[in-house]
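# got a predicted model here, sequence first, then my questions.
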Amino acid sequence: MRPVGSKYLLEEPLGRGATGTVWRARQRETAGAEAAVPGQPGETVAIKVLKEELAGDADVVMRFLRERSVLLRLTHPNIVRVRDLVVEGDLLALVMDLVEGPDLHRHLRENGPFTPVAAALLTAQIADALGASHADGVVHRDLKPANVLLKQQNGEMHPMLTDFGIARLADSPGLTRTHEFVGTPAYIAPESAEGRPQTSAVDIYGAGILLYELVTGRPPFSGGSALEVLHQHLSAEPRRPSTVPDPLWTVIERCLRKNPDQRPSAENLARGLRVVADGIGVHANSAQIAAAENVGALLAPDPAPAPVPGTPGAPGDADPTQVLPHGAGAYDPNGATSVLPQTGGPAGAADPTAVMPPVPPGQPGGPGAGPEDPHPWQSQLRAARDRNEQTQVQYLDPSEDPLRRRPQRQVARPQQPPQQPQQPQQRRPQPQQRPGPGYGYPQQPPPQQYAPPPEPQRRQQPQPQPQRYAPPPPPPEQQRPVREPRQPRQRGANPMRIPGLGCLKGCLFTLLILFVASWLIWELSPLQDWIGTGKGYWDQLSDWFGSVTGWFEDLGGSDEPSVPSGTN
């Protein structure tokens with residue numbers, strides 16, 4: 001068991017919601033005068049402990065304490081009474097009457113929808129509770145079946161509306177930065193979804209959705225996501241089920257108007273629902289039926305709906321931005337910046353309104369310096385500004401780009417021995433050691449046979465090492481002309497290649513040759529005669545062979561001399 005304050009003990013959780021957890025609790029001692037119901041020790045109550053993010057928000061705590069009196073004085077037979085409010089460290093809790101019974105959402109899931117008469121009478125009692133709260137300036141803003149408890153009383157279900165003020169407490173600037181609205185998407189009013197000013201008409205819209213769900217078992221708008229459901233609330237119209245009588249549908253349609261100014265007040269809604277329940281019952285007379293059919297005349301809008309605190313136009317809102325009166329001073333955008341007067345202090349102290357600190361005398365920018373001499377800090381700021389300037393983009397010749405130039409090996413050249421400084425003995429001529437003119441040398445040696453000594457500054461420099469890569473490129477005027485890149489090969493209009501197209505062409509050409517050959521054989525050969533006689537292949541060949549042999553015999557017989565008849 002967990003203590004809540006000094007007067008209550010939590011025993012077991014009864015349910016969890018979006019704003020907190022409801023516990024069955026027991027009262028340890030009589031509450032003080034600050035509680036609406038003192039209670040007795042050992043009495044069972046229900047305590048709703050708000051979530052930590054709500055209890056940790058200073059704005060929620062302030063609203064909790066400020067609206068304490070409103071929540072405690074809100075009493076009605078169809079409203080779960082708030083007994084006490086507990087604020088202890090990071091814990092915020094509402095002590096309420098314990099209602100033994102399921103909520104309306106669970107009852108619908110287990111038993112199915114209500115009859116039209118039962119749904120109308122049940123919603124009429126909820127409308128009575130809304131009328132009492134709206135008269136006190138309290139808007140529920142989260143009316144749904146889960147917030148309606150069913151209390152068994154004299155064999156009948158008695159609806160009890162709970163969670164009054166929870167939506168108001170949760171609607172704080174620190175918590176609504178990541179939420180577009182406070183409430184459940186399936187029961188939210190269009191003006192709440194759009195962020196427009198909200199009044200007590202949002203509860204009438206929720207009552208219309210609750211009535212629709214009581215007779216059908218489901219809310220009128222549903223979808224795969226909350227955004228889709230909100231879009232239907234803003235633009236779609238509910239579909240009328242075939243089981244809903246005309247008078248009851250008139251009430252539902254009037255409550256679900258997109259314009260909040262066209263919805264009825266809570267008192268008129270309760271009155272109209274009772275007239276409809278009397279007119280659609282099995283024992284209704286003609287007068288009751290006629291009154292139910294004319295229920296639209298009873299659903300008059302509320303002339304002065306209760307505004308939701310915290311929305312534009314509600315009492316206690318922040319005043320709009322004040323405009324300075326005329327004559328308070330014209331604004332000059334080109335005027336100099338005003339400097340605050342000296343506030344005093346020890347002698348030699350820096351002026352608190354000066355932008356730059358003072359500079360000691362004798363330094364650049366200090367007292368006695370010229371008007372054009374910059375302050376030392378100005379030079380530093382200018383240097384920092386120059387460093388932060390954007391890099392200038394200019395054209396760079398590709399031949400001068402060190403990243404694009406590839407290293408090249410130097411052409412092998414014969415290495416020359418390093419020049420050594422001439423020794424004194426090498427400078428003196430030695431005529432006795434040199435050969436004479438017969439050996440091809442002049443008789444008198446040249447005055448100097450070796451290279452002159454290097455410059456004094458060259459003697460101090462080390463001998464350069466042979467380069468492995470090519471020297472830097474010569475100036476542009478000495479470079480060889482760069483060959484222009486080859487143009488890409490132009491392709492045909494249809495660059496797509498069809499596999500097997502060459503084989504297909506060969507096959508078609510072969511078929512054409514066979515067709516021509518067969519036509520020539522048919523026309524130039526005796527094939528037509530053979531087919532016309534009806535003989536077989538071998539018979540035709542034997543006849544053809546006999547004809548040829550007979551032709552040769554006739555040809556041979558014509559060469560012999562003919563013998564005249566009648567001679568001996």
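Everything's here; your move. Numbering: from 1, shown residues only.
# hey, let's count contacts and neighbours off CA atoms from now on
OK.
# mean confidence for the helix or strand where Leu65 lies?
Assigned by DSSP states H and E, Leu65 belongs to helix 58-66. The pLDDT scores in helix 58-66 average 77.
# mind giving me the packing neighbours of it?
Helices and strands touching helix 58-66, by 3 or more Cα pairs under 8 Å, 6 or more residues apart in numbering; DSSP states H and E, are helix 52-55, helix 166-170.
# compare those and say which comes out lowest on pLDDT.
Among the helices and strands packed on helix 58-66, helix 166-170 carries the lowest mean pLDDT, a mean of 62.
# immediately after that one, which helix or strand?
That would be, after helix 166-170 and using DSSP H and E, helix 190-194.
# convert the C-alpha atoms of that following helix to CSV, please.
Output of helix 190-194 as CSV, limited to C-alpha atoms (Å, rounded to 0.1, in the frame of the first residue of the first chain):
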residue,chain,number,x,y,z
PRO,A,190,-13.4,20.1,-36.0
GLU,A,191,-12.6,23.4,-34.3
SER,A,192,-10.3,21.7,-31.8
ALA,A,193,-8.5,19.9,-34.6
GLU,A,194,-7.9,23.1,-36.5
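# list the buried ones in that helix?
Buried residues in helix 190-194, counted by 16 or more other Cα atoms under 10 Å: Pro190, Glu191, Ser192, Ala193.
# for stretch 21-38, same thing?
21-28, 30-31, 35-37.
# closest one of these to Gln232?
Thr21 (30.9 Å; Cα to Cα).
# does the residue nearest to Pro220 when sequence neighbours are not counted count as helix, strand or coil?
Counting by Cα to Cα, 6 or more residues apart in numbering, Pro220 lies nearest to Pro238, which is 5.6 Å off, once chain neighbours are set aside. Three-state call for Pro238 (DSSP: H, G, I helix; E, B strand; the rest coil): coil.
# for Pro238, give me phi and psi.
phi -70, psi 150 (degrees, to the nearest 10).
# again, but for Ala270
phi -60, psi -40.
# could I get the phi/psi values of the spatially closest residue to it that is not a sequence neighbour?
For Ala270, ignoring the flanking residues on the chain, the nearest one in space by Cα to Cα, 6+ apart is Ala124 at 4.4 Å. Dihedral pair for Ala124: phi -60, psi -40, per degrees, to the nearest 10.
# Ala124 is in contact with Leu269, isn't it?
Yes. The pair Ala124 / Leu269 is scored as a contact, 7.1 Å apart, by Cα atoms under 8 Å.
# among the buried residues of stretch 21-38, which are located in strands?
Applying DSSP state E to the buried residues of stretch 21-38, the entries found in strands are Thr21, Val22, Trp23, Arg24, Ala25, Arg26, Gln27.
# so who does the first one touch?
To tie it back to what came earlier, the one meant is Thr21. Neighbour list for Thr21: Pro13, Leu14, Gly15, Lys48, Val49, Leu50, Lys51 [criterion: Cα atoms under 8 Å, 6 or more residues apart in numbering].
# can you tell me who it pairs with across the strands?
For Thr21, the beta-bridge partners under DSSP bridges are Arg16, Val49.
# over to the last one?
Assessed by DSSP bridges, Gln27 has beta-bridge partners Tyr8.
# double-check it against Leu10; I have them as touching.
No. If you go by Cα under 8 Å, Gln27 and Leu10 don't touch, sitting 9.1 Å apart.
# after the longest helix anywhere in the chain, next one along is what?
In the chain, assigned by DSSP state H, the helix with the most residues is helix 501-524. Note on helix 501-524: by DSSP H and E, the next helix or strand toward the C-terminus is helix 527-533.
# any idea of the mean pLDDT in whichever helix or strand comes after that next one?
The helix or strand immediately downstream of helix 527-533 is helix 537-557, counting by DSSP H and E. Across helix 537-557, pLDDT averages out at 81.
# how close does Glu553 get to Gly546?
Separation of Glu553 from Gly546 (Cα to Cα, to the nearest Å): 10 Å.
# and stretch 540-559, C-alpha only, in PDB?
Extracted C-alpha coordinates of stretch 540-559, given in PDB (Å, rounded to 0.1, in the frame of the first residue of the first chain):
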ATOM      1  CA  GLN A 540       8.700 -41.700-114.500                       C
ATOM      2  CA  LEU A 541      12.500 -42.300-114.400                       C
ATOM      3  CA  SER A 542      12.100 -45.600-116.300                       C
ATOM      4  CA  ASP A 543       9.900 -43.900-118.900                       C
ATOM      5  CA  TRP A 544      12.400 -41.100-119.200                       C
ATOM      6  CA  PHE A 545      15.300 -43.500-119.600                       C
ATOM      7  CA  GLY A 546      13.300 -45.500-122.300                       C
ATOM      8  CA  SER A 547      12.600 -42.300-124.200                       C
ATOM      9  CA  VAL A 548      16.300 -41.400-124.200                       C
ATOM     10  CA  THR A 549      17.400 -44.900-125.300                       C
ATOM     11  CA  GLY A 550      14.800 -44.800-128.100                       C
ATOM     12  CA  TRP A 551      16.000 -41.400-129.200                       C
ATOM     13  CA  PHE A 552      19.500 -42.700-129.400                       C
ATOM     14  CA  GLU A 553      18.400 -45.800-131.400                       C
ATOM     15  CA  ASP A 554      16.500 -43.700-133.800                       C
ATOM     16  CA  LEU A 555      19.500 -41.500-134.200                       C
ATOM     17  CA  GLY A 556      21.700 -44.500-134.900                       C
ATOM     18  CA  GLY A 557      19.200 -46.100-137.400                       C
ATOM     19  CA  SER A 558      19.000 -43.100-139.500                       C
ATOM     20  CA  ASP A 559      22.700 -43.400-140.500                       C
END
